[in-house]
Structures are given as structure tokens and as C-alpha cells.
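Participant: test case, fold it:
(chains A, B, C, D and E, ligands or ions: 31)
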Amino acid sequence: MIRTQLLDQHGDIQHGQQDLIAQLTDKHKIWIDIELNNNNRDMVQSLLTERGCHPLAIEDALRARHPPKIEFFDEHIFILYRGVLAINADLDITHLQLAFFVSGNCVISVRHGHSKGIDKVWGTKQRYLSESPLHVALKVMHASAGVYLEQILEFESNLSDMEDEFLQRGNDQMMAELVSYRSRLVKLRRVFNYHTGISDVLQSEYALESTYISPQHHHDIIDLKDRFDRLYTLVQMHYEICGDLLDGYLSISSHQLNNTMRVLTVITAIFVPLSFLAGLYGMNFEVIPELKWKYGYFILLGVMAIIAISLLTFFKKRRWM
Amino acid sequence: MIRTQLLDQHGDIQHGQQDLIAQLTDKHKIWIDIELNNNNRDMVQSLLTERGCHPLAIEDALRARHPPKIEFFDEHIFILYRGVLAINADLDITHLQLAFFVSGNCVISVRHGHSKGIDKVWGTKQRYLSESPLHVALKVMHASAGVYLEQILEFESNLSDMEDEFLQRGNDQMMAELVSYRSRLVKLRRVFNYHTGISDVLQSEYALESTYISPQHHHDIIDLKDRFDRLYTLVQMHYEICGDLLDGYLSISSHQLNNTMRVLTVITAIFVPLSFLAGLYGMNFEVIPELKWKYGYFILLGVMAIIAISLLTFFKKRRWM
Amino acid sequence: MIRTQLLDQHGDIQHGQQDLIAQLTDKHKIWIDIELNNNNRDMVQSLLTERGCHPLAIEDALRARHPPKIEFFDEHIFILYRGVLAINADLDITHLQLAFFVSGNCVISVRHGHSKGIDKVWGTKQRYLSESPLHVALKVMHASAGVYLEQILEFESNLSDMEDEFLQRGNDQMMAELVSYRSRLVKLRRVFNYHTGISDVLQSEYALESTYISPQHHHDIIDLKDRFDRLYTLVQMHYEICGDLLDGYLSISSHQLNNTMRVLTVITAIFVPLSFLAGLYGMNFEVIPELKWKYGYFILLGVMAIIAISLLTFFKKRRWM
Amino acid sequence: MIRTQLLDQHGDIQHGQQDLIAQLTDKHKIWIDIELNNNNRDMVQSLLTERGCHPLAIEDALRARHPPKIEFFDEHIFILYRGVLAINADLDITHLQLAFFVSGNCVISVRHGHSKGIDKVWGTKQRYLSESPLHVALKVMHASAGVYLEQILEFESNLSDMEDEFLQRGNDQMMAELVSYRSRLVKLRRVFNYHTGISDVLQSEYALESTYISPQHHHDIIDLKDRFDRLYTLVQMHYEICGDLLDGYLSISSHQLNNTMRVLTVITAIFVPLSFLAGLYGMNFEVIPELKWKYGYFILLGVMAIIAISLLTFFKKRRWM
Amino acid sequence: MIRTQLLDQHGDIQHGQQDLIAQLTDKHKIWIDIELNNNNRDMVQSLLTERGCHPLAIEDALRARHPPKIEFFDEHIFILYRGVLAINADLDITHLQLAFFVSGNCVISVRHGHSKGIDKVWGTKQRYLSESPLHVALKVMHASAGVYLEQILEFESNLSDMEDEFLQRGNDQMMAELVSYRSRLVKLRRVFNYHTGISDVLQSEYALESTYISPQHHHDIIDLKDRFDRLYTLVQMHYEICGDLLDGYLSISSHQLNNTMRVLTVITAIFVPLSFLAGLYGMNFEVIPELKWKYGYFILLGVMAIIAISLLTFFKKRRWM
Ligand SMILES: [Mg+2]
Ligand SMILES: [Mg+2]
Ligand SMILES: [Mg+2]
Ligand SMILES: [Mg+2]
Ligand SMILES: [Mg+2]
Ligand SMILES: [Mg+2]
Ligand SMILES: [Mg+2]
Ligand SMILES: [Mg+2]
Ligand SMILES: [Mg+2]
Ligand SMILES: [Mg+2]
Ligand SMILES: [Mg+2]
Ligand SMILES: [Mg+2]
Ligand SMILES: [Mg+2]
Ligand SMILES: [Mg+2]
Ligand SMILES: [Mg+2]
Ligand SMILES: [Mg+2]
Ligand SMILES: [Mg+2]
Ligand SMILES: [Mg+2]
Ligand SMILES: [Mg+2]
Ligand SMILES: [Mg+2]
Ligand SMILES: [Mg+2]
Ligand SMILES: [Mg+2]
Ligand SMILES: [Mg+2]
Ligand SMILES: [Mg+2]
Ligand SMILES: [Mg+2]
Ligand SMILES: [Mg+2]
Ligand SMILES: [Mg+2]
Ligand SMILES: [Mg+2]
Ligand SMILES: [Mg+2]
Ligand SMILES: [Mg+2]
Ligand SMILES: [Mg+2]
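Facilitator: Ligands and ions are numbered 1, 2, ... in the order given. Purely as a prediction, here's the structure:
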């Protein structure tokens, strides 16, 4: 699926399909938005080649999975961004590969599915395109990062609720959740690390040497960078908090185990000798003198009481009870 | 709520509301202090726009939550600082978003609630404003960081007391506390990391290119940077100490568990065979020859003593007792 | 084994053995591919010396094991790469030392066994050699890194399947597997760290000072660097995920142990006192008054019921059941 | 307490109190050593102010606790160093705040108690002061760092002895010691990290721009830096070793627990069924046919032997014994 | 012990003692090799002072223990290297302090014992000295690092064997070994970190400013740097692998403990209630109606079977068996 926005020198915007591309002159600006599907890969590849895109960049753009990156070519800036197709507050994410080819009067976005970020900016019409094609790419990424941010802040508030409950009454399911959060956060961290790499490059001195980046972009790049950095540090922080919770729970549950075992040991230590004594005098030997004693039973009860009390005192002293 | 301090060329200060802004000339300096509430957001937004603040900066300033940052605009320096609305020695913190727009003769502070840092500096009257608007922002942040510092030092002394007790007699509650301290410290660390980022930028060569920062600010910036660095390294150190305590407790309690279980095992190992023997001769078979022996009971007692002593010797040798 | 490709100024390619080297002029380009074996080490050493290779570089190339590196000599660039002789999705890898001597019209590849990367590029005939000898080396490394990548992505999908199962039903074998994955990943990480070092050097300003690297190589170097970086960050991520899984499993299994022990303790705590009572009245003393009571048995049953119910209530309250 | 050393152009030294300060001319060099106490704070503050010290530096110097730092002022270099009032080989340390104001012909040392470092250098008389006031500060820090070093090397040898014993026969007290060592080492590491920061600044190009630092100081600065670096890396290494020991002990004791529990389980598994059988035939039912059998008892003994042997074989196979 | 090699302008070499030093002219090169012992410290100190060595460098060279370092003086380069007196594949190392004073025509090596590195290079005669005195120092360090490398590669292969066995059948001794390997590796890592620091300085632009380092040394410095880097990354990798093995073993043994305890719990849970019932009917109350029942014994056996089967089913369902 290909759709286009063509902006003329009077600020008038025209919507269309692939046909608008032919009308593009130096006085126009155009945004070509391409959704890849199983049938149009070859067509898209030749379209991009015609528009002067570098073969190595096209190859990366058409791949379903490639780390985010930015690369400067003579004819365009190539940005590969990992957006979000679906996400929930459990950080269960389906990613969406999103490529931008940005030049002086043209921005081409190539995506492998439906993108919320593209939609938000496409709706604003000429607002960003009239500033520059790079603005379109920056704003799409800003909007997409906003989708991540929203869910991470919701995750944060869920995690905060879990924290208290977890330390009180951790259970297997919560622990398995924490473990899989960590695994998702570590994957997100890698993605966001690449994204901060992109904004670092955009903000660097070196980027200004590109024809398609000028000081007018400065504050919008900072704005994007702030968001990418925030995502990165939030995700890193939550990753550490999840790990610390699991570590802390380990200490707590190890302490509780110790208590449990002390209870078990105290019970065993007291009753096992007593039961042994009872068993002893339950034997059927013909000759067991004590059994004939008049007060044998009561003496034994006394002995048992003394044993029990001594052991209890002993364990009290060792602070096991 | 808006309040203002207007300083004229003779060093005389005038307090007022929004109306004083109109009197501002090149010969005056002004501090406009704005507390946001539910009703004045639009009014504040237009006030800031009128005073030449950049839309992206205004957006950040009005948000209730945004990572601390510093950004240089042509018309002003924008600083976003995360202050403290309430804090206690358990590091339970409610943060307060605090924004500064600093220009040649004007500093605007925008906050989302009551700020202790602002209060302290507001009370000193013209002292800092007469030096420069940037001094006001630096001193407010310095005072606010002092509030953090005070509580962290109190926390430090509490933690130090806990340390000894914890290793002696750790309990569930202390462990849960340590775990939640870690989580709070990791959040503080992130905030302080952003703050050290701000002071690093202010101290850099690059900052001197700004119209509103000059060598006269050098030592006051260093003073702020020292405090931010100190907060960061203190918080990082306490985070590590809490983690090390939990790790150490895990080792200790694992060792104690081992001891507990050895006691249990020794008791079990000694009495279970003896009890079995007693049970054996408590059976009611018609033919159990040993029961008829004259010294059967005494022989068995002897056998039991031998078994018990052998096992005790064995466990002594294995250092289980 | 030595084989060669000689490319003349008309783009015609000629395949042969060592003899083609003699035909090399300024107008030709040549790729000399050498597989080391037990017999040809001396011959290879003298061939390389003749072709002007530095003794320290030859020494490194002939070693069976040396960390990957890049070094610039006046006569050539020397690249030592650690390729892959065999690999599976369990990351069980046999490495292959691969050295390149790259100059203006000649690339020499020296390897200690059969290389898939070499094969792939050798098959493309003149395509890369016609661009430059360095292109050949870049493309061989790119192809070889592709072999790693394929297996790591397969490993990733296996690991992802394991993740869910592991937390549900971890067993000894899975854990031992995770531990050995970690050890393999840490070794791979070291190799890939060296490889990213190579591409970092190739991409640096400093590399352009070499006669044999020019701006035309820029995007192909970036392409290689992307792949090396991706391998490094993937391997690092999986290393962390494996570690986090093991850590998480430790917490989970510690929690489960606690539960197990509580079950054991509850059972013990209830039945041990009851059994003691039963044992007590199983004794054969001549005088045990309770045994004569008409309702003695039923009273005891009642007492036992009360004890059992009290203990059950107690453990319920402590949430042990 | 204030004491002074005044050195004239002929290399003659004069000792005295505060009065010697008045004699100071361009041709003299002076070292003013001040020990703060409860009474002289105001006097010291005005003295320092008179001598041209910057108010922010004076504030830092008079505080009882401030992170070590170095700052360049026009009139002097300000160094804040954390020395040692008392230390033992258990790394139980009482710190001592020590401030230096270094200018062309004057060094002022301000301390909050008795300093061994100061004493050592004070005793050498004119040797360092004749070189430059900065030399005095460098040598005091070098001597003070030597005090740290001595104790850390003693600690190292103690730790090394503990290592072997710990893994053999760890006990609660040793573990608690290791945990508190870690906490002390982490605090020392923070201090030493600040100190290396000071020597890094002194050694930097930037420091040479100060009037009071010249190339003649180079090797003495390196000498100080070596010692600070050594302290830092030693402390960091011991911190890691202590942590590794605790971690390792955890693994060992977890392994031992497993063994202990297997012993317990084997004993229980063997005797509990046998005891049950014995109990069964100890019941007083009127009709229990087996009890009448002539060889009942012997058959049961045989059955018990078979059960015991089978279980033992089973546990042998599972390597539990 | 002092021995010397004197090389004249014709490439002829002369061996001798201290006396050869007197013959040294601009046209000669000399290597003075000094082994310190208890008697010659003063003599060595004055010899070094005569040869123009800096007092701070001499102090460092004569110390038995000082971190490795490099420092540039006007008269010479001073390198302090930590070699190896004895080492085995368990990484049990006795270090050897080795100092070099390198100038234009003279290299002095000062050591605290017998050095294998020195021996290897001393035997090559004029080969390296004829190139430059710095070459001698570089080659001695290269040879000495080779001694480390050999043992670390042997250690690697031992560790690799241990890995498999450890996860199968870890025992106390293997764990204690791993723990002490870690402690030795962490100490080695610190040494190698200092060594890479030395080669980093030698390779830096800054080093070329020294009179005694020229571009001719470049590839030999790289060669040394490669080896130092390799040692560092190998040691770091093995340190991590040992730690990961211990961590992994902890998880595995915690899992096994869980299994052990479940076996114990199942056995206890089944037999304890049955034994209680048996005990109940072993009591000697005059009135226990069930004992009179004709089928009492068989009914009880049935009840016991039902209880046992129910519990077994229950535990099967909870996957405890
Ligand atoms: Mg990463
Ligand atoms: Mg990262
Ligand atoms: Mg990072
Ligand atoms: Mg950050
Ligand atoms: Mg960070
Ligand atoms: Mg962890
Ligand atoms: Mg952070
Ligand atoms: Mg950080
Ligand atoms: Mg940091
Ligand atoms: Mg720091
Ligand atoms: Mg730090
Ligand atoms: Mg931890
Ligand atoms: Mg840890
Ligand atoms: Mg590495
Ligand atoms: Mg690395
Ligand atoms: Mg890294
Ligand atoms: Mg990375
Ligand atoms: Mg771990
Ligand atoms: Mg861990
Ligand atoms: Mg620190
Ligand atoms: Mg540090
Ligand atoms: Mg650090
Ligand atoms: Mg260091
Ligand atoms: Mg270190
Ligand atoms: Mg640890
Ligand atoms: Mg750990
Ligand atoms: Mg290191
Ligand atoms: Mg380091
Ligand atoms: Mg490295
Ligand atoms: Mg490293
Ligand atoms: Mg660890």
C-alpha cells in the first residue's frame, strides 16, 4: 500500500497514491508512506532505487528485523526505527520495523505493518512536512516513543503496587511474572539503547554536516532525545528494581525457611526422645523391672516433663523460639 | 499563584503580583515565581509565550512529570529540576517538578506545588537576584539539594544502626525495609544522575557560549555540582550497601540453616533407629524368642547405647555437632 | 592448499593456483586464498614474506589461536578474524582463525581450515574483487558473521521457548544447559567484542589515512559494523537473560522449598504429639490409671482431636496452609 | 590552635604562632597550620577571609564533612582531603577533614583534629616548603595516604588468612565480619574515588594553567596519583574478593545443605516404613492372623531387611549416599 | 648481582660486570641487568643515581611491591612491570617486581629475583639491543607475558574439563577451588589492568613526544599491547565463567534440594498418619471397641491403604513425585 502527501509552494496539500510522485518538483515537498506486504516488495524495491536510495539501505529497510540505526548517504539520511505494533502494560510487545529515507524535499516511510506513530502525524497534515521532511520523521518517532512511554508508565504503577504485596506474600506466579518482566525489559533496553544512539548521532556536530539537517532542527532533536533517554533510563531502572525485588525476596524467603526449619527441629527434638521412651516401655520383654514399680508410670511422666522443659529452655536460649 | 520581585538599578526591591512585570525595563531585574494549579495553566502558558519562552520548553515545564534537563535557547536557558515536596529519613519522597526560564534580566520559576528551596531563596530578598537571574536558579537548586542531603545523612545514620542489628538478628520486617530502601534509592539515583547531568552541562566550556552564563558564575556552579555529585555518590553507595547487606544476610542465614538442619538430622539419625528397635520388641507376635531372654531388655538397652554412642561419635567427627 | 583469482583491467577473471601470482601487474587485482595444513607452513611463510608481509603479522597469521585484531602496515592492512568452522543452535562452536593481508591490488586470505564465508564470496567471482581487495575481506567477514547470526537467531527462538517452560517446570538438565549457554555466550561475547573493535577501527577517521581505505568503502564498513554490533548486543542480551532466568529460578525454587517445608512441618507438628500420646498409652506399666477408665479411650480421642484442631488453626493463622 | 613555619630567602626557617604571619613578604614562604576547635571557628574564618580565601571555599573547609575536592581560585588552589584520625587493620576508620589553601608563597592547612600526615611533613622542616607551598600539600596527602596503605596491606594479609579458613570452616562471626568489611570498603572506595579525582585534576593539562602549578610539580603529582590509584584499586579488589567469598560460601553451604538433607531423607525413608510395620504388629486387635504364625516374626524381619536393602540400593544408585 | 652487555658501533657484543659501564660512549649501547639482594641495595641506589635516574623512580624500583606503571622523565623512561617468579596452572602465582630505566643508549633492568623473561631475551644477545634499548624492555615484557599466557591457556583447558563435571557432580572441593580461582583471577586482573595501562601509554600519541620512543617501535608496541589485552580479557572472561558456574551450581543445587525435600515430605506425609493409627490401636486401654471387631484389623488395613493411595494421588497431582 502506498499513499502520498504532496505540498506545493503555497502550502496547499494534495493526497493521493503513487501517481503524485510524478508531480514532484523542487518547489514541492512530498511524504511517501509505504506499507510492505507479501506482494509489493519488488515494486517497492524498484521505487526506492528509482528515487536514488542506496542499495545497502534498501536491503536494511526491507528486512523484517534489523537493529535501529541511522546512516548518512549523499542523497538522503536513512533512519531505521523499531516502533510498536502492539503493546500492553505487561510490556508484552510486538515490534514494527519502520524505515525513513529523508532528503531535501522528500521523506519516504517504509513499514512492515500498521503504525500508530505514522497515523498520528499523517493526521496533522501539512504541519510538519511544511517545516521539513526531517520534521516528519522526528515527529513520527516522537509519537511512537510516546506509545512506549504510556505503557511503561502504566507498567511502573502496576509494579509499584506489586512491590508491597510481593514482599508480604510473594507467590510463584508473581515471581514468574517478575522474571518475565526482566526478560522483556532487557529486550526493550537493547532497542532503546539503539534509539538513544540514533538521537545522539542526530544531535552531534557531525550531523550538521549533512545537507538535510540544520540548526532549525536542534530543539526538536533534543525533544526526541529527551524522550529516548527517558525510555532508556526508565526501562533500566525497572529492570534493576525487578532484579532487586527477586534478590530481596530470596533473602526474605531464606530467612523464613530458617524459621520454619527451627519450628520443625524444635518439635522433633522434643517429641522424638519422649516417643522413644514411651516405645521403650511399650516393649513386651518378660523382664522389664521398671514396669513393675508402683509409681513407674508417674516417675516416667516426671522424667519426660523434665526432658521437655530442659529442651524448651535450651531452644529458648538459642533464640530458636 | 504568581508573585514577583522587581529589583531596580539602585538595588531597591519591590514585591508584587503579575502587575510588576509591566514595569520591567533593561535597568531592572525580575524574578517571577509561578505556582501552577488547576485553574491557571492556560494563563501561565500565555504569560510564558509572551515572555518569549520556546513552545517545547513551555510544554515540558507544564508537564507534571518529566526528567530533569537543561536546554539553551536563544532567549533563555531552560532548566527542569526535580525538587522535593516531602521527604523523610526512610527516603519516602514526593517529588516536585520545578522549571526555570533564565534570561539576562529575568528568572521565571514554575512549580507544581510548594517548594522549600524557593522559599529559602525568596526570603533572602535581593541578595542573589542582584548578582544575576541565574544565581537565583542556582541557589534554589542548591537549597533544595540541601533538603535531600539532610534526609540522606539521617538515613545514613539509621542504616548504620540497622547494619549491626541486622546481621545479628535479622527479621522479615528489616529485610522488607532494606528491599524497599533499595527501590527508593534506585529511583533517587536516577533523579540525581539527571541532576549531575545538569551541573555537568552548566560547568562545561559549551555553557559559556550562552549569553546568560559568564565566568562569574563559575564557583557557584562548582558549588552546586559538588552537592549534586555528593548526593549521587551517597545514594549509589547506600544502594550498594543495602544490596550487600541483603546478600550477606543470605549467606549468613544459609549457614545457619545448615546448622539447624544438622541438629535436626543428628536427632533424627539417633532416635529413629532406636525407636524402631523399641517398636520391634513392642510387637505382639506369639513367637519372639528375644522377649523370653532373662537379660533381653538389658542387652537391648546396651545395644541401643552402643548405637547412640557410635552415631554421636560419627557426627562429631564430621563436625556436625 | 593455495588457489588464486586474477582479475585483469578488462574485468576478465582467471582461476588458478600459485602460478598466477607471477602474472600480477599494476593493472591486475589478485585474491590469493591459502588453507594452512601441516605440510605447507614453511612454504606459506616464505610466500608471505616475499609478498612484503610484516614478520609480526605473519607470526600472528600462522598461529592457531590469537585474538582478532587489525593493524596497519605500510605495505598492507592486516586483519585477523575469528570465523566459524562449525556451529549449532546450542552455540557449540568450533572457531576458525582467518587472516587477511590487504593491499592496493592484492588480498591474501590465510585460514586454518574450511571457511563458509570464503566459499560464499569466492563463488561470486569478480564482483567484489573488481571493486577493491578490501571489499573481498569485508564481504567474507560479513558472510561469516551471517553464519553466526543465523545460529544465534535460532538459539534466540529456542531460548524463548525454554523460558516459559523453565519457570513452570525447571529441571536439572535445563539448568545445566542454561549454565553452559552462559559460558558459551561469554566466550562469544569476547570474540565479538574484538570484532566490533575491528570495525570501529575501520570506521574511524584514522583508518582513512591508510592508502588502502577510501571513502568508497564507507557504507560497506558501516554494513559490517552493524552486523558485528548486532552480534555483540544479541549475545550480551542473551547472556543476561540466561543469568536472569537462573537467578529468577533460584528465587522461585527457594519459595517453593519454603512451601514444601511448611507442609512437612505442619504434618510433623500435628502427628508427632498425637503419636507420642498413643505411645504413652501403649506402655506396659502395671499401673497406668487412665487405662482402667471406662471412657479413657474416648476421652483421649477427644483430647487428640482438640490438639489437632488447635494446631491446624494455629498454622492457618500463620498462613502456613 | 595555630602554628606557623616562616622560611626566608636564605633558607632559614622560623617557627611560631599567628604573629609570624605579619612578617610575611614576597621573599618569604609560609605554612600556616590550623587545628579547628569549638572556640576558634570565628577567628579562623576571619583569618582566612583576610588572607583572601574565597567564601565558598572557607565554608567547605569549616564543615566537618564534605566530599574531597579541588578547586582553582584566582588567589589560591583549594584542596579538601579526607585524612585519617584513627584506623585499624579491620578498616575501622575515623576520618579527618583536611583543607589546604595553596598560593604562591603560602600554604594554609585547616584540620578538624590531629593529623599524622601533617606531623610527618611538619617534622621535615623546610625541605618541602622551600620547593613550593604546593609541595607541602602534596607531601602531606602522600604521607596520609601512606597511613591508609599500611593498614590496607595489613588487612590484605589478614583477609588472605581468612580466605582458606573461611571456605573450610566458615562460621557466623566470620561471615558477619566479611559483610562489615564490605560495607567499610565501599565507603573507603568512595573516598578514594574522590581522591583519585583530585590527583587526576592536578595532573591534567588544565591544572598547568593555574599560577601555582608548574611542570616542576609533575613527578610529585604522579607520585601522589600512583598512591591514590593504588589505594582505589586495592580497595575495589578487596571489596570484590569479600563479595566473591560470600557468594562462594553460599554455593558451598547450599551444596552441604543438600548433602545434609539427603542423609536425613535416607534415614527417614528407611526407618519410617520399618517402624510403621513394627507399629502395625504392635496393635492389640484380637484377630491379627500373622501374629499366630510360627515364623511370623522371622518372616517380618526378612521383609524388613528386603525393604531396607532395596531402599539403600535405590539411594546408592541416585548417588544420595 | 650486576651483569652487563655492551654493544659497539660494529655490532660486536661484550659481556661483563659493572666494570663495562665505564666504557660506555655515545657509540655504544648497554644493557645493565641488576638483581637486588639484601646486600646491594645501597650500591644499586647510588649506581642508579649516578646514571641520572630520578629519585622518585629509584624509590619505586627498589620497593618490593608497587603497582606497575610507566613514567616519562627527561633522562629516561621508567617502566615498572610485575613479572612472574613462579606460576602453575592453578594460577598460584609468586610475582616478581621488574623495573626498567630506558634511555637513548642504555637500558637498566632492576629485579627482585630470577626472571624468566630476562633470561629469554638475554640469551638472544645483541638482536634486540642493536635495535634500541626500548626494544629490550618490550621484548622482556613480551616474553614474561608469554609465561603468564601459557599457564592461563592451560588453566583454561582445565577449567573447561571441570565445567562439565562440576554441573554433574559438584563437590565441596571443586567449589572451594572455583572460589579460590576467582580470588586469584581478580588479583591477576588488577595486575593485567595496570599492564594494559602501560601499553596504552606506550601506544599513545603522547608517548611519541619522548626522545626514546619513535615510530620504529610502533609494531612491537602493538605486539606487546595485543598480548597484554589478551591476558586481561582472558582473565576477565575466566573470572566471569567461574562466577557463573558457582551461581549456576547454586540454582541447580537449590533445585535438587527442593526435590530431596519433596521426597522426604512425601514419605513423612504418608507414613506418619499410618504410624499414628497403628500406635492408636497399640494402646492398652481396657475399652477400645474396635479391637474386639472380628474384621477390625482388616478394616484398618483397608483404611490405611485408602489414606496412602489418596496421599500418593494428591502428591502426584502436585507433581511432587
Ligand atoms: Mg546493551
Ligand atoms: Mg546499555
Ligand atoms: Mg548505556
Ligand atoms: Mg542515563
Ligand atoms: Mg546511567
Ligand atoms: Mg541479581
Ligand atoms: Mg540511571
Ligand atoms: Mg547511574
Ligand atoms: Mg554515572
Ligand atoms: Mg562519582
Ligand atoms: Mg560512580
Ligand atoms: Mg545482589
Ligand atoms: Mg549478586
Ligand atoms: Mg571483554
Ligand atoms: Mg565487553
Ligand atoms: Mg560493553
Ligand atoms: Mg552496546
Ligand atoms: Mg547473577
Ligand atoms: Mg546473583
Ligand atoms: Mg562511587
Ligand atoms: Mg567508584
Ligand atoms: Mg568509578
Ligand atoms: Mg582503576
Ligand atoms: Mg581495577
Ligand atoms: Mg554478590
Ligand atoms: Mg549473588
Ligand atoms: Mg579492571
Ligand atoms: Mg577498571
Ligand atoms: Mg577489554
Ligand atoms: Mg572489559
Ligand atoms: Mg555472582
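Participant: does the helix or strand of chain A with the lowest mean pLDDT reach chain B?
Facilitator: Sorting the helices and strands of chain A by mean pLDDT, DSSP states H and E puts helix A:126-129 at the bottom, at a mean of 80. No: figure legend: helix A:126-129 not in contact with chain B (C-beta under 8 Å from any C-beta of the partner chain); closest approach 12.8 Å. (Glycine included, C-beta is placed from N, CA and C.)
Participant: what's that helix in contact with?
Facilitator: A:5, A:7, A:11, A:13, A:29, A:31, A:107, A:121, A:135, A:136, A:138, A:139 (C-beta atoms under 8 Å, 6 or more residues apart in numbering or on different chains).
Participant: what are the ranges of the strands in the stretch 1-150 of chain A?
Facilitator: Here the stretch 1-150 of chain A has its strands, by DSSP state E, counting those that start in this stretch, at A:2-7, A:13-16, A:29-35, A:69-72, A:77-87, A:93-102, A:106-111.
Participant: which of those has the lowest average pLDDT?
Facilitator: When these are compared by mean pLDDT, strand A:13-16 comes last with a mean of 89.
Participant: circling back: now for the contacts of helix A:126-129: which two are most distant?
Facilitator: With C-beta to C-beta as the measure, no two of these lie farther apart than A:11 and A:138, at 20.0 Å.
Participant: more neighbours: these two, which one.
Facilitator: residue A:138 (24 against 9; other C-beta atoms under 10 Å in any protein chain shown).
Participant: and the next element down the chain from the longest helix along chain A?
Facilitator: If you go by DSSP state H, chain A has its longest helix at helix A:218-280. Going down the chain from helix A:218-280, the next helix or strand is helix A:296-317, by DSSP states H and E.
Participant: near chain E at all, that following helix?
Facilitator: No: judged by C-beta under 8 Å from any C-beta, helix A:296-317 stays clear of chain E, getting no closer than 11.4 Å.
Participant: tell me the one of the contacts of helix A:126-129 nearest chain E?
Facilitator: Distance to chain E, by C-beta to the nearest C-beta, is smallest for residue A:138 among the contacts of helix A:126-129, at 38.1 Å.
Participant: hang on, the earlier thing: and which of the contacts of helix A:126-129 is nearest to residue A:216?
Facilitator: residue A:135 (9.0 Å).
Participant: hang on, residue A:57 packs against residue A:71?
Facilitator: Yes: with contact defined as C-beta atoms under 8 Å, residue A:57 reaches residue A:71; the gap is 6.6 Å.
Participant: low-confidence stretches in chain A?
Facilitator: A:125-126 (pLDDT under 70).
Participant: who's in contact with the residue nearest to residue A:250 when sequence neighbours are not counted?
Facilitator: Spatially, and ignoring its direct neighbours in sequence, residue A:250 is nearest to residue C:251 (4.8 Å; C-beta to C-beta, 6 or more residues apart in numbering or on different chains). Residue C:251 makes contact with A:175, A:179, A:246, A:247, A:249, A:250, A:253, according to C-beta under 8 Å, 6+ apart.
Participant: how near is residue C:251 to residue E:256?
Facilitator: According to C-beta to C-beta, to the nearest Å, residue C:251 and residue E:256 sit 16 Å apart.
Participant: go on, residue A:5?
Facilitator: On the measure of C-beta to C-beta, residue A:5 and residue E:256 end up 64 Å apart.
Participant: check residue A:205 too.
Facilitator: Distance from residue A:205 to residue E:256, by C-beta to C-beta: 58 Å.
Participant: between those two, which is the more surrounded one?
Facilitator: residue E:256 (18 against 6).
Participant: need the contact list for the more buried one.
Facilitator: Each residue near residue E:256 by C-beta under 8 Å, 6+ apart is listed here: C:172, D:258.
Participant: next one: residue A:150
Facilitator: Per C-beta under 8 Å, 6+ apart, neighbours of residue A:150: none.
Participant: so which bits of chain A are right by ligand 7?
Facilitator: residue A:233 (C-beta under 5 Å from the ion).
Participant: so which bits of stretch A:28-48 are buried?
Facilitator: A:29, A:30, A:31, A:32, A:33, A:34, A:35, A:36, A:44, A:45, A:47, A:48 (16 or more other C-beta atoms under 10 Å in any protein chain shown).
Participant: which one of the residues you listed is nearest to residue C:22?
Facilitator: Using C-beta to C-beta, the buried residues of stretch A:28-48 come closest to residue C:22 at residue A:45, 43.9 Å.
Participant: can you tell me the closest non-neighbouring residue to that closest one?
Facilitator: residue A:58 (6.0 Å).
Participant: how many neighbouring residues does the one you found have?
Facilitator: Residues near residue A:58, counting by other C-beta under 10 Å: 21.
Participant: now swap in residue A:23 and tell me
Facilitator: Going by other C-beta under 10 Å, the residues that sit close to residue A:23 add up to 13.
Participant: confirm for me that it is in contact with residue A:5.
Facilitator: No: if you go by C-beta under 8 Å, residue A:23 and residue A:5 don't touch, sitting 12.0 Å apart.
Participant: tell me the SS of residue A:321?
Facilitator: Classification of residue A:321 using DSSP: H, G, I helix; E, B strand; the rest coil returns coil.
Participant: quick one: it from residue B:166, how far?
Facilitator: Taking C-beta to C-beta, one finds residue A:321 at 21 Å from residue B:166.
Participant: those two: which has the busier surroundings?
Facilitator: residue B:166 (22 against 11).
Participant: with adjacent residues omitted, what lies nearest to that one?
Facilitator: residue B:174 (5.5 Å).
Participant: the helix or strand that contains the one you found: what's the following helix or strand?
Facilitator: Element membership for residue B:174, per DSSP H and E: helix B:172-203. The first helix or strand that comes after helix B:172-203 along the chain, using DSSP H and E, is helix B:205-208.
Participant: and that next one, how far out from the chain middle?
Facilitator: 31 Å (C-alpha atoms, centre = their mean, to the nearest Å).
Participant: and stretch A:118-131, by the same measure?
Facilitator: For stretch A:118-131, the distance to the chain centre is 29 Å (C-alpha atoms, centre = their mean).
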